[in-house]
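1. quick one: sequence and predicted model below, then my questions.
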Amino acid sequence: MPKDFAVAVLISGRGSNLKALIDSAENYRISAVLSNNPEAGGLALARQASIPAIAFDRGDFPALGGLKERIRAECKAFAPDLIALAGFMQIIQPEFADEFTGRMVNIHPALLPKFPGLHTHSRALAAGESVHGCTVHFVDAGVDTGPVIAQARCPVMPGDDEERLAARVLELEHRLYPWVVNQIAGGGIKLHQGRAAFSPAALKEAGNLSFSTPNP
Ligand code: GRF
């Protein structure tokens, strides 16, 4: 399997999805972790796994644009085959997204196109949703708008609060994200004509794992 498939992961916080990506890497290796937050817990997780981890401090840059450009440049210096955003709380510059079309993915804690943006769990509860979940999608120039790759669903239970629902979704995230990244690295999923295209084997496996896909 092409273990030389290099993935750069961008984080801002605790890094539980990063940990899942590290632990479940089969077809890829994580070559770098970059953060826009020096306090991000995920930095320690990366270093424990001997992955180069670099953090930048907003205070060192007069303008947010400078910080964004620096992260973009540092990320590119690792020549990643794929960039995985994992709780990266910063809007990607459109030029960066364009440059990595089909090679940048994100995990979002809702069933897109429902609930893009923040506070997805409280919004799902307030909307009275009976089903919630998470989405992995290719990144485009919009916020949480890129082509959906796969989704995992869970019920919203009576008595759920934000914390309980978030924990249920997070378990799904930790299964879905590494699966998608392994598939992309192994050639089972790619962006084709603006949509996520699956090999027959990847499509079958998604079904076996109860992941839904945009494919017929
Ligand atoms: C996850 O819920 C992810 O979907 C969202 O931000 C959260 C990051 O959590 N984009 P972690 O840092 O991976 O633990």
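-> Cool, got the structure.
2. find the nearest non-adjacent residue to the closest residue to the ligand within the chain, please.
-> At 2.6 Å from the ligand, Gly87 is the closest residue in the chain, using C-beta to the nearest ligand atom. For the C-beta atoms, the positions are set from N, CA and C on the backbone; glycine is no exception. What sits nearest to Gly87 in space, not counting adjacent residues and going by C-beta to C-beta, 6 or more residues apart in numbering, is Gly13, at 4.9 Å.
3. swap in Phe88?
-> Phe88 sits nearest to Leu10 (C-beta to C-beta, 6+ apart), 4.1 Å away.
4. so what touches the strand or helix carrying the one you found?
-> Element membership of Leu10 [criterion: DSSP states H and E] is strand 6-11. Outside strand 6-11, the residues that touch it by C-beta atoms under 8 Å, 6 or more residues apart in numbering are 18, 21, 25, 28-37, 40, 42-43, 46, 71, 75, 78-88, 181, 185.
5. before we move on, back to that, and the residue nearest to Phe88, how far from Leu85?
-> For Leu10, the distance to Leu85 equals 5 Å [C-beta to C-beta, to the nearest Å].
6. those two: which has the busier surroundings?
-> Using other C-beta atoms under 10 Å, the more surrounded residue of Leu10 and Leu85 is Leu10, with 25 against 21.
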